[in-house]
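Novice: dropping a prediction and its sequence here:
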Amino acid sequence: MGILDNFEKGLERAVNGAFAKTFRSGLQPVEISSALKRELDTKAAVVSRDRILVPNSFQVLLAPADFQRMTTIGPTLIDDLNQIVQQHAAQQGFQFAGGVSIDLVNDQRLSTGVIQIESSNVQGDVAWTPVLDVAGKRHPITKSRTIIGRGSDADITVDDTGTSRKHVEILWDGSHAQAHDLGSTNGSQLNGRPFDRVTIEPESVIQIGRTNIVFRIVPQAGRPATHRPADPAATSRMPAQGRNTGRDAGRDTPRSSSHDNDRPPLDPGGFWR
């Protein structure tokens, strides 16, 4: 970082600190997205005529109160910030050295409303990982069969009396996913339509009882060898069966990003058709 960069960083911290002390308002997610876009613009480096390199690893430093508020939003916030960063880079013609990663860090030194961004270039491939978002918590799919229900013997236990002890299972073969209702009392729905066994696509919403389960494929970026210490408190084709395949059951179209070309090659029946 050069002398001018240090000066601009110091000036930004001073201005942000003054505003935060004057108004003492809590940070909003839109302020984080704006700060990340500014970081991209500031750190953009012209490598060649056709290549402008920007950081792909970000640590968002927040005051304790702001950190607590932002983390209660759940993994959706990080997903949205990741998409905003990639969209901004695509609009500006920027390129990344690897997959984008964004971490929220609890920084006791900061005042409420103040935000700081630390960024770096980390080379690495993008790994696409299947996850289930349930009640604000993210559960990576690590097995070929994941059972969800209110029973303690389920892989993912939900606190919902409208669900059966073993209500639904998610089947994953490494490339494609299905949902299978396990003979539950109240049944299961995919994007508002009942099913017995159904193929599920990214961003599909499975409803059991009063609980919504969102199936997603998210990028996992390579991590740097060392990290800034954070506060300890902070810090995958199967045949469809049954009465409804669900292939057209209100399926959402996966959101596109500047990293679509980095996704692993799949057959035309895969996730990203």
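Specialist: Received it, and whenever you're ready, just let me know what you need.
Novice: could I get the pLDDT score of I73?
Specialist: Note on I73: pLDDT of 88.
Novice: same thing with the one 4 residues further on?
Specialist: L77 carries a pLDDT score of 91 in this model.
Novice: ok, it touching L27?
Specialist: No. At 11.7 Å, L77 and L27 do not qualify as touching, with contact defined as Cβ atoms under 8 Å. In this view, the C-beta of every residue, glycine as well, is placed from N, C-alpha and C.
Novice: more crowded one of these two?
Specialist: A direct count of neighbours by other Cβ atoms under 10 Å for L77 and L27 places L27 higher, at 22 against 17.
Novice: not counting its neighbours along the chain, what's nearest that one?
Specialist: Spatially, and ignoring its direct neighbours in sequence, L27 is nearest to D66 (4.1 Å; Cβ to Cβ, 6 or more residues apart in numbering).
Novice: likewise for G162?
Specialist: In this structure, G162 finds its nearest non-sequential neighbour in G209, 2.8 Å apart by Cβ to Cβ, 6+ apart.
Novice: okay, now that neighbour: neighbour count?
Specialist: Taking other Cβ under 10 Å as the criterion, the count of residues near G209 is 19.
Novice: shouldn't it be in contact with S188?
Specialist: No. G209 is not in contact with S188 according to Cβ under 8 Å; the separation is 9.2 Å.
Novice: okay, and the common contacts of these two?
Specialist: H167 (Cβ atoms under 8 Å, 6 or more residues apart in numbering).
Novice: what ranges does the stretch 101-250 of the chain have for its strands?
Specialist: Residue ranges of the strands in the stretch 101-250 of the chain, as given by DSSP state E, counting those that start in this stretch, are 101-106, 115-120, 127-134, 137-140, 145-149, 156-157, 168-172, 177-181, 188-190, 193-195, 197-200, 204-208, 211-220.
Novice: and those strands: which comes nearest E39?
Specialist: Judged by Cβ to Cβ, the one of those that comes nearest to E39 is strand 115-120, at 4.5 Å.
Novice: so which residue is smack in the middle of the protein?
Specialist: Central residue of the chain (Cα atoms, centre = their mean): D79, 2.8 Å from the mean position.
Novice: for that one, helix, strand, or coil?
Specialist: Here D79 takes the helix state, with states given by DSSP: H, G, I helix; E, B strand; the rest coil.
Novice: list the contacts for it?
Specialist: So D79 contacts 216, 218 (Cβ under 8 Å, 6+ apart).
Novice: and the strands of the stretch 101-250 of the chain: which comes nearest V47?
Specialist: Closest of the strands of the stretch 101-250 of the chain to V47 is strand 115-120, at 15.8 Å (criterion: Cβ to Cβ).
Novice: please name every helix or strand in contact with that closest one.
Specialist: helix 29-43, strand 57-62 (3 or more Cβ pairs under 8 Å, 6 or more residues apart in numbering; DSSP states H and E).
Novice: quick check: angle from the first one to strand 57-62?
Specialist: Meaning helix 29-43. 130 degrees (axes from the mean of the first three to the mean of the last three Cα atoms, to 10 degrees).
Novice: return the set of buried residues in helix 29-43.
Specialist: 32-33, 35-37, 39-40, 43 (16 or more other Cβ atoms under 10 Å).
Novice: all set now, cheers.
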